[in-house]
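Chemist: what's the 3D shape of this:
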Amino acid sequence: MQIFSYFCTRFCNTMDFLADLNDSQREAVVYSDGPLLVIAGAGSGKTRVLTYKIAYLLASGVRANNILALTFTNKAAREMKDRICALVSAEDARYLWMGTFHSICARILRTEAEKLGFTRDFSIYDTADSKSVIKAICKERSLDDKIYKANVVMNRISTAKNALMTADDYAHHSGFAKQDREDRLYEMATIYALYEKQLRAANAMDFDDLLMNMCRLLQNNTDALHYYQSIFRYILVDEYQDTNYAQYLLVKLLAEPENNVCVVGDDAQSIYSFRGADIRNILTFQQGYSNARLFKLERNYRSTQTIVKAANSLIHHNENQIYKEVYSEKETGERIQLLAYMSDRDEAMGIAQEIKRVKSEGLTVKGYDDIAVLYRTNAQSRPIENELRKLNIPYRIYGGTSFYQRKEIKDAICYFRLVANKKDNEALLRVINFPARGIGDTTLKKVSEVAIAANISMFEVVQDPASAQLAVSAGIASKLALFAQKINQYTDLMDTMDAYHFAETILRDSGIMTAAAADTTPEGIDRLQNLQELLNGINEFVRQREEEGIAFTPIQDFMAEVALLTDQDENLKDHASRVTLMTVHAAKGLEFPYVYIVGMEEQLFPSQFCNAPSEIEEERRLLYVAITRAMVRCHLSYARQRFKNGQVNFSSPSRFLKDIDRQYLESPSPSLPVRGESAVPRWQNNTWGSVAISRSSTPISSTISAISTPYSAGTRVSHRVFGQGTVIRSYRDDSTGNDKIEIRFDSQGVKTLLLAYAKLEVRG
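Modeler: Have a look, this model is predicted:
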């Protein structure tokens, strides 16, 4: 009788928490008779379904140690377990197998290691350990470290392991062989084999081995396979769209023969192919499990109806998808704002001013934490950071580092610092072996000791090791002297070049740009883009000063500006509420009342590195993720021109903008369009709505006044920096009180100059 009472009470408690779910969620939770695919639209309560399903199984009498729940982050696993404990008891949930793929595999492999030829106390190499082994192998084989970069080699080995390819498989794979030939990595297969040999000799596994060896264990040892299949009666997987082949196979092997597997995810949010994620795993789940049930969670609890419908209209253009119609029962909400700006700087200024405005109104934005600015690449943060600082708007870089604090940027600026001030020992220590010159820590310690003893700078020791009586070999002394000679050559150039051309010369001649360009990993591409954006920033700084009448801007002036900016970073730490700046990839899983998505241009979003149809579809999914982060208001913007690689590049609006149904978009009516140019972007077979083009710090719809000047519209003029052009208009910007003139230059595009400093010559 007591046992019957216990189960009745437990069943009633189960029914109690099921009342928290909507009908679709509840159906997915209670179905437990075989494979189950839950397609969870953005903001539809995916995590709730997983946690309630585990709680339901526990409350239904399934033992905790018979449930395996796999996540992608430890944070997600902890949060899910906390929620489960709140639904049932902590004791009931105590023995759940819950964690990341890697942590669960490591736990099992500690027990089963001897079956794979390891001991139970095997080491797990982190990224730094793996890089160290790869560098040692390349050095031993006298391979060029500019080609065989540790990041590139490690990334390629990781890709192979996630596809469950051994070193021997790699050596006979035509696809990898072709890619290695193109990248001049002719010894890649040999390096992989030697890397594996060294790991085995060290009784060690890297992160990818945890998955690979777990699959090997289950494939090659029938007893182990049957044992773990009998333990894990129910398997649940979070974010299934992000799984790679090894993770797919691991779940497939463990789930057999009963196949009580529940995977939850959203194919529309599959955005990590560069990490090995394979969208086919979720798209073909029902083919892989013949009796699989499909449940769709289509109610969005996050966003307004307009935002959800706009996102739907975008993603429905993808061919490879599991169709769903996400809906919202919240208010209709505002249409998505679309703004065009003349330049990336104008875009940053416009966004910063808009943030200032909505915060001051305080109607729907309580604090800066309610606002996020999303961009496709990290390098795009620089102009936005600059403009937010100017308006004293506090911000944080989520999942990253403030632009001027990034390693490659600090390295570059330290070159400038050392050239300008050879007594700057900290700058010297940072750059003397970057890019690598074979000058190690032991040598630098000796240099420092000699400099301190002689009361001179470290550069003076490096410049003349013999006179300073530095105890190093002739080879090291030669390397030090060559470095000093290079710095002295840069010093001679400093007064002959403006800041931009000087910085460009150093970054290219020193090898910094070459080193970044040689790294084809996503991280390497990111570093190269950041360095290019640094040059963009310096060029912008020089141009601004030219417009103000300053004929020559030395690099020292730019460094003083940067010092002030980085000092402001420290001051901003006092603000609890900040605008969030992040890439769209970093934004997945987050939400904000106000979202600004910038840089909606071809070659940027979609990325210039994406050409294949599958790649374009992933970029479209990335924009879908960006739009669905917004709860109340969403803004899209693009610039008509961006400065890149030393020149102004004209941009085209992103193809994705035409994928969004026009009824969900809104743009201010154009005012004073550019002469000879429509303010309405025209896409092939699709002309729609008006887009206001902003050319200065305020959208063009802001208040301006006509003024009388010698430069009427259509007048041909000449500028000492930008060359010849045609005047578009002259006006007073009432928001600043400045008189301005817009000119379309023959070779530099449209520029807005301060009339007082323009120094124009009428060409007749």
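Chemist: now the phi/psi pair for the most centrally placed residue in the chain, please.
Modeler: The central residue of the chain, meaning the one whose C-alpha is nearest the mean C-alpha position (Cα atoms, centre = their mean), is Thr583 at 4.4 Å. Taking degrees, to the nearest 10, you get phi -70, psi 160 for the backbone angles of Thr583.
Chemist: show me where pLDDT drops low in this structure?
Modeler: Scanning the chain for pLDDT under 70 picks out the ranges 1-15, 363-364, 564-575, 645-646, 668-703, 720-721, 734-737, 748, 757, 764.
Chemist: ok so, going back, quick check: bridge partners of the residue nearest to the centre of the chain?
Modeler: Beta-bridge pairing of Thr583, defined through DSSP bridges, involves Tyr375.
Chemist: for it, give me its contacts.
Modeler: With contacts defined as Cβ atoms under 8 Å, 6 or more residues apart in numbering, the neighbours of Thr583 are 374-378, 399-400. (Glycine included, C-beta is placed from N, CA and C.)
Chemist: surely Val562 meets Ser402?
Modeler: No - the pair Val562 and Ser402 fails to qualify as a contact (Cβ atoms under 8 Å) at a distance of 11.5 Å.
Chemist: does the closest residue to Glu561 other than its chain neighbours belong to a helix, a strand or coil?
Modeler: Counting by Cβ to Cβ, 6 or more residues apart in numbering, the nearest residue to Glu561 once its immediate chain neighbours are dropped is Phe541, at 6.4 Å. In three-state terms, and counting by DSSP: H, G, I helix; E, B strand; the rest coil, Phe541 is helix.
Chemist: for Phe541, give its distance to Asp739.
Modeler: Taken as Cβ to Cβ, to the nearest Å, the spacing of Phe541 relative to Asp739 amounts to 23 Å.
Chemist: and for Phe176?
Modeler: Between Phe176 and Asp739 the computed distance is 62 Å (Cβ to Cβ).
Chemist: okay, the two: which has more neighbours?
Modeler: Neighbour count, other Cβ atoms under 10 Å: between Phe176 and Asp739, Phe176 has more, with 21 against 17.
Chemist: helix, strand or coil: sort out the more buried one for me.
Modeler: Per three-state DSSP, the local secondary structure of Phe176 is helix.
Chemist: contacts only, for the nearest residue to it once chain neighbours are set aside.
Modeler: Distance criterion Cβ to Cβ, 6+ apart; nearest residue to Phe176, sequence neighbours excluded, is Tyr170 at 5.6 Å. The neighbours of Tyr170, taking Cβ under 8 Å, 6+ apart as the test, are 160, 176, 188-189, 192.
Chemist: could you do Met214 as well?
Modeler: When contacts are counted by Cβ under 8 Å, 6+ apart, Met214 touches 105, 108-109, 250.
Chemist: after the helix or strand it falls within comes which helix or strand?
Modeler: Under the criterion DSSP states H and E, the helix or strand holding Met214 is helix 207-220. Toward the C-terminal end, the helix or strand that comes next after helix 207-220 (DSSP H and E) is helix 222-231.
Chemist: what about stretch 146-159, distance to the chain center?
Modeler: Averaging C-alpha coordinates over stretch 146-159 and over its chain gives two centres that are 20 Å apart (Cα atoms, centre = their mean, to the nearest Å).
Chemist: any residues touching it, and which ones?
Modeler: Applying Cβ under 8 Å, 6+ apart, the set of residues contacting stretch 146-159 is 127, 130-131, 134-135, 138, 176, 179-180, 183-185, 187-188, 191-192, 195, 208, 276, 435, 514-515, 518-521, 523-524.
Chemist: and stretch 119-129, by the same measure?
Modeler: For stretch 119-129, using Cβ under 8 Å, 6+ apart, the contacting residues are 106, 109-111, 113-114, 133, 154, 199, 202-207, 210.
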